[in-house]
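Asker: Provide a 3D model corresponding to the input given below.
(chains A and B)
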Amino acid sequence: MDINSKEKGIVSAINPPSNGIYSFRGGYPIVSFQIAQQSKWLDPRSLRLSGRFRVKAPEGLKPTNTSTAQNATTGVAVSGRVGVASVIQQITLASSSNQTLETIRNYNRMLSTLVPVSHSQSDLDCCLQVGDPASASRSFNSARGINETTSFSIPLRTGLMSGGDLLPLGTNGLRGLNINLELAPDSQVISGFNTFTLGGNAVQTIFTPINTGAFYELEDLTLTYDLLVPSEQGQAIMESPATGSLTYNSFSQLYSVINASEQTQNLNFGVSNCLAVTHNFIPTDQINNYRHDGFSTGELKNSNGDDAKIRRITYLRGSTRFPLDYEIEVGGRKDLPADQLRPQTELVTQFIDSVKPYITMDHSLMSAQTQNGISDNLTFNNNRDPRFRNTLAEPNIPVFGAGIVMDPLSKTGVDFRNTNYGIRIVSELDGVSPNSIYSFIRARNTLQYSPNGIMVSS
Amino acid sequence: MSESRTPQLPSVLTPGPISYQGDMKIDTNVLDPIVNRDEFCRFVLPSRGFLDVGSVLSFSVKVSQDNKACFPVKTGAAAAISSCILKIGNKTVAITDRFGVYSTIRRSFKTHEEHSGKDMVHMGSMDVVCPNNGQTGQYQLRDVDYNVAAADIDRIAGTPLDQFSLTIDSNNCPVWTIKLAEMFPALKNLTLPLFLIDQQCSIEIVWNKQTDSEPGKVVVYESGFAGLKTAVVDPTNVKFLADYITYDEERMEATARQVMSDAGWSTPFEDVVSVSTNFPANGLQPVDPESSRVSRDLGFSGMRLRSILGHFHKPSQDSSLMGQYSSDAYAHPISYNLRVNDKLVYPQTLVSESQKAHQLSQVFGTEIYCANSEYSLDQVCDKGASGSVSDRLSTNPMFPANATMLGHPQTDLQGSMNFMGCDFTIDGLSALRNGVQVGAKPVQVLNDLINQNNDFGGRQVTYFGLVERLMTIRNGTVTVSA
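Answerer: Predicted coordinates:
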């Protein structure tokens, strides 16, 4: 279809609070936008959520995230890996007739894996940070960057918006778009920041007293986007009721808890074209807890703080191993000393592949530094010294998870409507340390439109 | 959508991989300029084969004392070039004016890997920032030498690595290279068939020459340096490394037949048009912030405009680490809108620095590679406070106040890459015939500025229009549309 011109669009939220400030603490945790039905195409790559963001220390004080000693206003920070998007707990995309197109619960937890797997340290400290002042490879840099109220303009990384295909907003298409954002609790979003000792041990700085609660606020929220305007003939075609369909990717999320050293999680995806599934883990007591980064993506942990190493992992469809017909063995026998364990390479490779095709992975925060605290960058001078440790990403703050691509060859997806997905994890969990598993399912959906309305089949 | 816009070029005229099985020969000539002065040089290209876009200009720069100067950190050796001109016969086919400024903007969209691994070697730039040595939550320049014997918090005094320090000696100096495609955006999408052009093809370079009273024009001297702060291109090291591609006879003849046909051969290409202007200074230092509306007409009438870039330099920053190539943010952000063909581009005036950065990123299809605090003063200023700009700037410095590079404070980098950009291409991709046709009225940029206490000196402003032109080669003669 011929495109005649491009228009810049902007819409404000349709449910503004009386003081214009959205916050969980203030009782305005829902933000709704409407993009009207029109005979134009939406360029999803251009869609940005924009506004102003600030964090406040207890009693509404301005944060002072500097090197000063811990006090009431120092250590009020959000996750540098997720950035401002850490305030978004759930995104729902729907047509103007409220036909749901995609719902992502725990969107911020999803980004805690998606962003660091596919963005390098430089990406976080620079190009992402220009649109998202809280983005940074080190938590202290992120914290310092939000000492002042700052503007942000961030993409919504949903499946529908990440596909790259233009989205028709007319009768023959989505018929307008409603976007609902649900904000996360302050205690999940905000935590302190870390500095590191010579040995790579983290020293946390967090506001005191913690029980008085820090919080965040958003204001001047808008959605900006580009609309492509077809020729008059094209607009007429978009408006005359017809039958057709479009396919798009979508994410969905399921939550479960693992506690035992050998446990199989059975999840009912209910999708017919599952492309990939990605899991990340966090000790359950660290969720909604100011004392801990609610977006950490470490390994399973026992309650004493030690990593509960995964030793074997099996992906299942129904009761059969799928798509790998073997167990991924990354630990070996439990009685072996740590230095004789098998490397985690295969587990991690599949995990990365579930986020982004492994062969195209050219930018990532994951490194020996983040996973194991080993500096792996060389300076540009003749001495080949390692880059100074404080300039690298945070040591021993891993980007860990599990995941698998269901259909790497045809990329049409695998049917999980009537069959459960399973993941069996054999680990060093001690049975008294519940860990949460966030499972994100990427699937292919089909939207069918007709004069009678639109229907989504997943 | 974009198929109809893709020019139908013979594959040998399009840079990039081609599906071709046959003989291909690449000859490299090291050309000396036929005119060679320290302010101008001219190369004449022989009529042979296709000119590869990877051909490079190489040169060195002489300063007044060894190891006392480096290039403006985000510009590199491009600061030595004032303008690049591609001529065929007497016609100017492409011209890139204010090349240092254009290159500074263009380069900021390369990844840090390219900055460090390629450009630093070729151009002597030092773009990359990283978390600072002292773990104070701030940033610093990365690829420079710090006093490694000091404690973490005291590793603050940066100097260029030895191989990037400039010298006075023509024989013992670093030599820099700039690719043809970087000098002329026109040649990003086009391989010139020199053997089919009857007229003489030449490349002219107008060099910048830094006198003692023009700091930051070509190089940045160490802070407090007492000698002459001059810099000049050394004519003895000026060369053009021209790569010519020759295919087998059948393929060369096929291209020749097309070019020599009655219709000839036409292709659109991207060119850069620059417009220099200024934002006026307040005559007196204002007690309270003073806002003003400044509109500027850009003479792009009749052109097919792909995008507009803007650069706002504060003259008082000439001596800073970015020299004359910084684009300095106002503490109160500029808000702007554009009017093209009597229609406002944005439904609302753009104020938010992050939104502006997003609009800028659309011009090149990728995010700008600089820290938030390099792009704007958003993170640095207390927007709620009253008082002068200097007070505001000190509220949350994102570079350590005592970190230096050649003695210059690295805090100079804050808000120094505040470029403006607006993309008009329909698909946002590099396909040509994709921009907006500007009518008789010029494009208007409507700026709202706020001058205040310590920032009232105005700005030197350069706008670049990336426009499409049409080149036609018929019977050996080249013509270019306006």
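
Asker: how about the residues of the stretch 51-200 of chain A near chain B?
Answerer: A:51-52, A:65-67, A:120-122, A:125-133, A:136-138, A:140-141, A:143-153, A:193, A:195-196 (C-beta under 8 Å from any C-beta of the partner chain). Where you see a C-beta, it was placed from the backbone N, CA and C, and this is true even at glycine.

Asker: distance between the ends of stretch A:135-148?
Answerer: 14 Å (C-alpha to C-alpha, to the nearest Å).

Asker: Can you give the distance of it from its chain's centre?
Answerer: 18 Å (C-alpha atoms, centre = their mean, to the nearest Å).

Asker: pLDDT of that stretch, averaged?
Answerer: Here stretch A:135-148 scores 97 as its mean pLDDT.

Asker: And stretch A:208-216, by the same measure?
Answerer: For stretch A:208-216, the per-residue pLDDT averages 90.

Asker: ok, it near chain B or not?
Answerer: No - using C-beta under 8 Å from any C-beta, stretch A:208-216 never reaches chain B; the gap is at least 15.8 Å.

Asker: quick one: that stretch to chain centroid distance?
Answerer: 25 Å.

Asker: got the contact list for it?
Answerer: A:23-25, A:53-59, A:63, A:70-72, A:75-76, A:78, A:87, A:186-187, A:189-190, A:207, A:290-291 (C-beta atoms under 8 Å, 6 or more residues apart in numbering or on different chains).

Asker: related to what we said a few turns ago, and the residues of the stretch 51-200 of chain A next to chain B, which are buried?
Answerer: Among these, those buried by neighbour count (16 or more other C-beta atoms under 10 Å in any protein chain shown) are A:51-52, A:65-66, A:120-122, A:125-133, A:136-138, A:140-141, A:143-153, A:193, A:195-196.

Asker: Would you report which members of the residues you listed are assigned to strands?
Answerer: A:51, A:52, A:150, A:151, A:152, A:153, A:193, A:195, A:196 (DSSP state E).

Asker: pretty sure the second one contacts residue A:153?
Answerer: No - contact status for residue A:52 versus residue A:153: not in contact, 10.5 Å apart, counting by C-beta atoms under 8 Å.

Asker: for the stretch 1-150 of chain B, which spans come out with low pLDDT?
Answerer: B:1-21 (pLDDT under 70).

Asker: Could you rerun that using 90?
Answerer: Applying pLDDT under 90 to the stretch 1-150 of chain B picks out residues B:1-26, B:48, B:53-54, B:90-91, B:113, B:117, B:143, B:145-150.

Asker: and it, which residues reach chain A?
Answerer: B:1, B:4, B:111-113, B:116, B:120, B:128-140, B:142-143, B:145-146, B:148.

Asker: From these, keep the buried residues only.
Answerer: Buried members of these, scored by 16+ other C-beta under 10 Å, are B:1, B:111-112, B:116, B:120, B:128-140, B:142-143, B:145-146.

Asker: For the stretch 251-400 of chain A, which segments count as helices?
Answerer: Remark: helices assigned in the stretch 251-400 of chain A by DSSP state H, counting those that start in this stretch are A:345-355, A:368-372.

Asker: List the buried residues in the longest one.
Answerer: The one in question is helix A:345-355. A:347, A:348, A:350, A:351, A:352, A:353, A:354, A:355.

Asker: Repeat that for the last one.
Answerer: Neighbour-count burial for helix A:368-372, with 16+ other C-beta under 10 Å as criterion, is recorded at A:369, A:370, A:371.

Asker: quick one: secondary structure of the residue nearest the centre of chain B?
Answerer: Chain B has residue B:103 as the residue nearest its centroid, 1.3 Å off, counting by C-alpha atoms, centre = their mean. Under DSSP: H, G, I helix; E, B strand; the rest coil, residue B:103 falls in the helix class.

Asker: Tell me how far it lies from residue B:127.
Answerer: Note on residue B:103: its distance to residue B:127, by C-beta to C-beta, to the nearest Å, is 12 Å.

Asker: Go through the host helix or strand of residue B:206 and flag the buried ones.
Answerer: Per DSSP states H and E: residue B:206 is located in strand B:201-207. Neighbour-count burial for strand B:201-207, with 16+ other C-beta under 10 Å as criterion, is recorded at B:201, B:202, B:203, B:204, B:205, B:206, B:207.

Asker: in what helix or strand does the residue lying closest to residue B:53 once chain neighbours are set aside lie?
Answerer: Residue nearest to residue B:53 in three dimensions, not counting chain neighbours: residue B:181, with 4.2 Å by C-beta to C-beta, 6 or more residues apart in numbering or on different chains. Element membership for residue B:181, per DSSP H and E: helix B:180-183.

Asker: Flag every residue of the stretch 151-300 of chain B that's near chain A.
Answerer: Contact residues, the stretch 151-300 of chain B versus chain A (C-beta under 8 Å from any C-beta): B:152, B:155, B:161, B:162.

Asker: tally of neighbours for residue A:15?
Answerer: The local packing of residue A:15 (other C-beta atoms under 10 Å in any protein chain shown) involves 12 other residues.

Asker: Give me the phi and psi for it.
Answerer: When read as degrees, to the nearest 10, the backbone of residue A:15 gives phi -130, psi 60.

Asker: Could you pull up the residues touching it?
Answerer: Residue A:15 neighbours (C-beta under 8 Å, 6+ apart): A:28, A:30, A:31, A:32.

Asker: which SS class is the third one?
Answerer: Following three-state DSSP, the label given to residue A:31 is strand.

Asker: which residues does it contact?
Answerer: A:13, A:15, A:22, A:180, A:181, A:183, A:218, A:221.

Asker: which residues does it bridge with?
Answerer: residue A:181 (DSSP bridges).

Asker: sorry, back to before: narrow the contacts of stretch A:208-216 to those in helices?
Answerer: A:186, A:187, A:189 (DSSP state H).

Asker: gap between the residue nearest to the second one when sequence neighbours are not counted and residue A:432?
Answerer: This points to residue A:187. Among residues not flanking residue A:187 along the chain, residue A:288 sits closest, at 4.7 Å (C-beta to C-beta, 6+ apart). Separation of residue A:288 from residue A:432 (C-beta to C-beta) stands at 20 Å.

Asker: neighbour count winner among those two?
Answerer: More crowded of residue A:288 and residue A:432, by other C-beta under 10 Å: residue A:288, with 14 against 9.

Asker: surely the more buried one meets residue A:282?
Answerer: No - in this structure residue A:288 lies outside contact range of residue A:282 using C-beta under 8 Å: 10.7 Å.

Asker: Residues that sit against both of those two, list them.
Answerer: Contacts common to residue A:288 and residue A:282, judged by C-beta under 8 Å, 6+ apart, are residue A:294.

Asker: rewinding a little: who wins on neighbours among the residues of the stretch 151-300 of chain B next to chain A?
Answerer: Going through those with other C-beta under 10 Å as the criterion, the one with the most neighbours is residue B:155, at 22 neighbours.

Asker: quick one, helices of the stretch 101-250 of chain A?
Answerer: Here the stretch 101-250 of chain A has its helices, by DSSP H, counting those that start in this stretch, at A:107-118, A:121-122, A:128-131, A:139-145, A:159-162, A:186-189, A:232-239.

Asker: Turn the ones you listed into a markdown table, columns for distance to residue A:251.
Answerer: Below are the helices of the stretch 101-250 of chain A laid out as a markdown table (distance: least, C-beta to C-beta, whole Å):
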| stretch | distance to residue A:251 |
| --- | --- |
| helix A:107-118 | 6 |
| helix A:121-122 | 25 |
| helix A:128-131 | 19 |
| helix A:139-145 | 24 |
| helix A:159-162 | 5 |
| helix A:186-189 | 19 |
| helix A:232-239 | 27 |
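
Asker: Right, I'll leave it there.
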